[in-house]
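Participant: what follows is a predicted structure for the sequence shown.
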Amino acid sequence: MQVLGSYASGSWFVGQGKKQTLLNPATEEAVAEISSEGLDLGRAFHFARETGGKELRALTFAERAEVLLAISRALHKEREALIELAMKNGGNTRGDAKFDIDGASGTLAYYAGLGKELGAKRVLVEGESAQLSRGPRFVGQHALVPRRGVALLINAFNFPAWGIGEKAACALLAGMPILIKPATSTALVATRIVELIAEQNLAPKGAISLLNGPAGNLTDFVSGEDVISFTGGSKTAAMLRALPSVVSGSLRLNIEADSLNAAVLGADVELGSDTWNAFIRDVSRDITQKAGQKCTAIRRIFVPKDRLSDATDALVERLREIVVGNPTEDSVTMGPLATSTQLADVRAGIERLAAESSYAIGADPFQPLGAPAGKGFFVQPTLFFSNDAARENAVHAHEVFGPCGSVLGYEGNEAAVEGVRKGGGALVSSIYTDDRRTAGELALGMASAHGRLVITNAKIAEQTVGPGTVLPHSIHGGPGRAGGGEELGGLRGLSFYSHRVALQGDRPLLEALLG
Ligand code: NAP
């Protein structure tokens, strides 16, 4: 059995102690073991900070961009093999796996493009200089410089490739070395990605490390100008927020956590119109893609009360077409959840929703296709409906991280906004309307509770990629429950890994200094 180790201090290390087993979630067969017990984390952090940091800071943005491009190309070249691993260890269908892997290579390529445009510079100049006294020469200029630490990238289990790609692209382009801590349960893909980088020498020495296995005391080693970029559950996030290095050491921490994303159907949208069809398409895709294990997935579906049964019926019709089972079967369109813990959590969450709402689909027994009897972490697409969005509680408070959504009736734009905001802050929500006034009332009412809003009308119904796809051009993150973090968003994504300094002095001197 393959034992996954860690890549630290420039070499691979496989722990000898207790191992954890990684499973195929469709069959529960063991696919690999993992152990980094005994890994010298202090040395790993020191090597990354000192060697990786120095190497990266010596490169210009254009040279760092070449590193990103080389990694992107290597992932693309290895696409088929990575897809196989994601199917085996993540329960992904081929489509799910492509979404993750192409998301990673696409994001890296996008940031390579930005780096190339920045060219031969090493410092990002921010805005115009400001004259600070009566004479024209004494000026102030803001600039972003790489933080002299290491970026600890902690990822969730659901996007082992893209999760690395989006964080790594921004950190490396900003000039910070990275230590990747993938979720243990789906570490096969992450490990192969780092193997590719190491085998082909795609990154400067010390710029990229991998810490596999349970976290243990990992966060004890983070200090000074290091940063933690975390994606995962709110409980782990709360633990990170309470770290002494964060509380009293001002350690920089970015959190991408749970999210009760919403889709709102405007009262103007006619049954069967292009906007209606886009709404049904986006919602049904979000419930089932990656078996609903997507941080951006639509969980709450707000529809005008007089459209409740039409919308529910249309969604049920789509969800009935989904074939749940082992992704190795060609006809399967939705795989299992990633772990047994996920299965228990999702089942418990569905029970909570069932206690306050009615099933539209998902209550009947089902048999996953191509899975050994009684094996696999399967849940079928599940939809609830309720005539009163305002009355329910769990649906606005508890994220069921699986193929599950709730259709909620509302009356009037104000009630829709109020209902959406009950989610306490989300990554992304979507609005479907052809009426400008409705679009304005909903979008402006919802904006401050979101990182991103997607407004779909008939004109862009065929062009939009839907709310579930995170594009590097726009920010990813959200306030409140979603963690309060912010990633990506073009060059904005580099800020977290950089330090902003205000330089004051003689204009020609500053201009020469900043290139
Ligand atoms: P999780 O249990 O919080 O784990 C996330 C990561 O944190 C894993 O790599 C985990 O490692 C690590 N971790 C756990 N304890 C740690 C510690 N003491 N110190 C350092 N790292 C530690 O979350 P998950 O179950 O993987 O992911 C599901 C959640 O992530 C969902 O709630 C979902 O909403 C959220 N999510 C959010 C986004 C977003 O962008 N906002 C994206 C994807 C997922 P181990 O695996 O080794 O325990």
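Facilitator: That came through, no problem. This is a predicted model, so every value here is computed, not measured.

Participant: close to the ligand: what parts of the stretch 101-250 of the chain are there?
Facilitator: By the rule Cβ under 6 Å from any ligand atom, the part of the stretch 101-250 of the chain lying against the ligand is 154-158, 181-185, 214-215, 218-219, 231-233, 236, 239. Just so you know, the C-beta spots here come from the backbone N, C-alpha and C atoms, and that holds for glycine as well.

Participant: repeat that for 5 Å
Facilitator: Selection of the stretch 101-250 of the chain residues close to the ligand by Cβ under 5 Å from any ligand atom yields 154, 156-157, 183-184, 214-215, 231-233, 236.

Participant: my read is residue 484 is in a strand, agree?
Facilitator: No - assessed with DSSP: H, G, I helix; E, B strand; the rest coil, residue 484 is coil; it does not lie in a strand.

Participant: got a pLDDT number for it?
Facilitator: Looking at residue 484, its pLDDT is 97.

Participant: repeat for residue 280
Facilitator: pLDDT at residue 280 comes out at 98.

Participant: now do the same contact list for it.
Facilitator: 311, 314-315, 318 (Cβ atoms under 8 Å, 6 or more residues apart in numbering).

Participant: same question for residue 325.
Facilitator: 26, 331-332, 334-335, 368-371, 378.

Participant: the residue in the chain that the ligand sits nearest to: neighbouring residues, count only.
Facilitator: Proximity of the chain to the ligand (Cβ to the nearest ligand atom) peaks at residue 232, 2.6 Å away. Neighbours of residue 232 under the rule other Cβ atoms under 10 Å: 21.

Participant: what do you get for the one 4 residues further on?
Facilitator: By the criterion of other Cβ under 10 Å, residue 236 has 16 neighbours.

Participant: what's the residue nearest to residue 265 when sequence neighbours are not counted sitting at in phi/psi?
Facilitator: Computed as Cβ to Cβ, 6 or more residues apart in numbering, the closest residue to residue 265 that is not its neighbour in sequence is residue 303, at 4.6 Å. Dihedral pair for residue 303: phi -130, psi 150, per degrees, to the nearest 10.

Participant: for residue 303, give me its contacts.
Facilitator: Contacts of residue 303 (Cβ under 8 Å, 6+ apart): 265, 311, 407-410.

Participant: number of residues surrounding residue 322?
Facilitator: The number of residues packed around residue 322, counting by other Cβ under 10 Å, is 18.

Participant: wait, isn't it in contact with residue 333?
Facilitator: Yes - between residue 322 and residue 333 a contact is recorded at 5.2 Å, counting by Cβ atoms under 8 Å.

Participant: what touches both of these two?
Facilitator: Taking Cβ under 8 Å, 6+ apart as the contact rule, residue 322 and residue 333 both touch residue 288.

Participant: follow-up on the earlier one: need the residues of the stretch 101-250 of the chain next to the ligand in TSV (columns: secondary structure and pLDDT).
Facilitator: Shown next, in TSV, are these (DSSP: H, G, I helix; E, B strand; the rest coil; pLDDT from 0 to 100):
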residue	secondary structure	pLDDT
154	strand	98
156	coil	97
157	coil	97
183	coil	98
184	helix	97
214	coil	90
215	coil	91
231	strand	98
232	coil	96
233	coil	94
236	helix	96
